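Q: The following comprises the amino acid sequence and a computationally predicted model.
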Amino acid sequence: QRKFRERKISMASSVHIEQVSVNEFLHWFQDRLGEKYTSPLKGLSSRFFATFTIYRAILVSLVEIKTKLAHESQNPTIPQVRRVIDNMLFLITQTVDEYPECL
């Protein structure tokens, strides 16, 4: 136990504490994250954009289908189909809204 305490004390004596502003720290932290994660994330924005574009195309198609179904009233399965389309519209809209705006 005594050796552990002595080691702990010697480690503490080599610690240097510097006070910086929050803005300086955030700038430093952002730079460190950029250095560490920029290369792995290079292709990520193009992947997000492709997925985002597909979701938008699906949304447009669903709205067209829903508009055409609004004029159909003779088929008894139309209300069920409308519920499925409404659910799909809701889920895809939520997904698209959650995409980061920076991408």
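A: The structure has been received and is ready for your questions.
Q: From now on I want contacts and neighbour counts done on CA atoms only, so please keep to that.
A: Fine.
Q: In the protein, which helix is the longest?
A: The longest helix of the chain (DSSP state H) is helix 44-70.
Q: Which of the residues in that one are classified as buried?
A: Within helix 44-70, the residues scored as buried using 16 or more other Cα atoms under 10 Å are Phe52, Tyr55, Leu59, Leu62, Lys66.
Q: Quick check: the gap between the fourth one and Glu24.
A: From Leu62 across to Glu24, the span is 48 Å (Cα to Cα, to the nearest Å).
Q: now the third one
A: Taking Cα to Cα as the criterion, Leu59 is separated from Glu24 by 43 Å.
Q: what's the answer for the second one, then?
A: Applying Cα to Cα, the value for Tyr55 to Glu24 is 39 Å.
Q: What strand or helix carries Asp31?
A: Assessed by DSSP states H and E, Asp31 sits inside helix 22-37.
Q: Equivalent analysis for Ser73, please.
A: Here Ser73 sits in a region with no helix or strand, counting by DSSP H and E.
Q: Give me the phi and psi for it.
A: Dihedral pair for Ser73: phi -130, psi 0, per degrees, to the nearest 10.
Q: burial of it, as a residue count?
A: Using other Cα atoms under 10 Å, Ser73 has 10 neighbouring residues.
Q: number of nearby residues for Glu72?
A: When neighbours are defined as other Cα under 10 Å, Glu72 has 11 of them.
Q: brain fart, Ile78
A: By the criterion of other Cα under 10 Å, Ile78 has 15 neighbours.
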